[in-house]
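S.K.: Just the structure for this:
(one chain, ligands or ions: 1)
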Amino acid sequence: MLQYFDPGTFNRGTGGLNPDIDYGTPPSTSETLVSLSIDGTDIAVPEGTSVLRAATLAGINIPKLCASDNLEAFGSCRLCAVEIEGRRGYPASCTTPVSEGMAVTTQNGKLAKLRRNIMELYISDHPLDCLTCPANGDCELQDVAGAVGLREVRYASRVIIT
Ligand code: FES
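M.R.: Predicted structure coming up:
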């Protein structure tokens with residue numbers, strides 16, 4: 001089982017974490033550990049940690065646009081949706097705190113379709129000039145569109161080039 005204990009690292013340096021990784025939400029300062037399972041990986045993290053951060057600590061990537069480890073999560077983009085055993089719907093992993101015994105699924109067909117549909121709506125209202133855009137190749141929106149497998153936008157009848 002992976003165990004992470006990083007209370008206070010947000011204000012005291014990296015605490016052994018990789019400074020190049022965005023863990024999705026700030027660390028919890030609790031000294032109480034909570035055990036859960038994410039995609040079959042057992043992990044223990046401080047109480048109050050978000051599911052998104054716990055997944056990142058476990059090396060599991062959940063697509064995200066609005067969350068960052070330098071601001072409190074506000075659950076806007078919904079791309080970080082996950083399934084949690086025993087719970088209805090698809091909660092945002094950035095605003096859902098871990099709980100003892102929680103079993104989280106971050107990847108399956110339903111989640112993939114949901115994320116693609118959400119991303120398609122965002123992209124349908126965005127200029128699709130990737131090839132001539134100065135940010136081409138260094139664009140988070142482009143990266144996430146590729147990560148969720150979006151290749152075509154039905155609403156604007158345009159093709160994304162990633
Ligand atoms: Fe945007 Fe979670 S990352 S809702």
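S.K.: Which parts of the chain are helices?
M.R.: 51-57, 109-124, 140-147 (DSSP state H).
S.K.: among those, which is nearest Cys77?
M.R.: Counting by CB to CB, Cys77 lies closest to helix 109-124 out of the helices of the chain; the figure is 7.3 Å. Bear in mind the C-beta positions are built from the backbone N, C-alpha and C, glycine included.
S.K.: Which residues does the closest one contact?
M.R.: Residues from elsewhere that reach helix 109-124 (CB atoms under 8 Å, 6 or more residues apart in numbering): 63, 65, 77-79, 81-83, 90, 105, 141, 144-145, 148-150, 153-156, 160.
S.K.: do that helix and the ligand meet at all?
M.R.: No: using CB under 6 Å from any ligand atom, helix 109-124 never reaches the ligand; the gap is at least 9.5 Å.
S.K.: Output that helix in CSV, but only the C-alpha positions, please.
M.R.: Output of helix 109-124 as CSV, limited to C-alpha atoms (Å, rounded to 0.1, in the frame of the first residue of the first chain):
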residue,chain,number,x,y,z
GLY,A,109,-16.1,3.5,-20.9
LYS,A,110,-18.8,5.7,-19.3
LEU,A,111,-16.3,8.1,-17.8
ALA,A,112,-14.4,8.3,-21.1
LYS,A,113,-17.6,9.2,-23.0
LEU,A,114,-18.6,11.7,-20.4
ARG,A,115,-15.3,13.4,-20.5
ARG,A,116,-15.2,13.5,-24.3
ASN,A,117,-18.7,15.0,-24.4
ILE,A,118,-17.8,17.7,-21.8
MET,A,119,-14.6,18.5,-23.7
GLU,A,120,-16.5,18.7,-27.0
LEU,A,121,-18.8,21.3,-25.5
TYR,A,122,-15.9,23.4,-24.4
ILE,A,123,-14.1,23.1,-27.7
SER,A,124,-17.3,23.9,-29.7
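S.K.: now that helix against helix 140-147, angle please.
M.R.: 140 degrees (axes from the mean of the first three to the mean of the last three CA atoms, to 10 degrees).
S.K.: Name the residues of helix 109-124 that are buried.
M.R.: 111, 114-116, 118-120, 122-123 (16 or more other CB atoms under 10 Å).
S.K.: With stretch 40-53 instead?
M.R.: Buried, per 16+ other CB under 10 Å, within stretch 40-53: 43-53.
S.K.: Quick check: the two most widely separated of those residues?
M.R.: Maximum pairwise distance among those (CB to CB): 16.3 Å, between Ala44 and Leu52.
S.K.: Also near the ligand: which of the contacts of helix 109-124, exactly?
M.R.: 65, 77-79.
S.K.: Many thanks, we can stop here.
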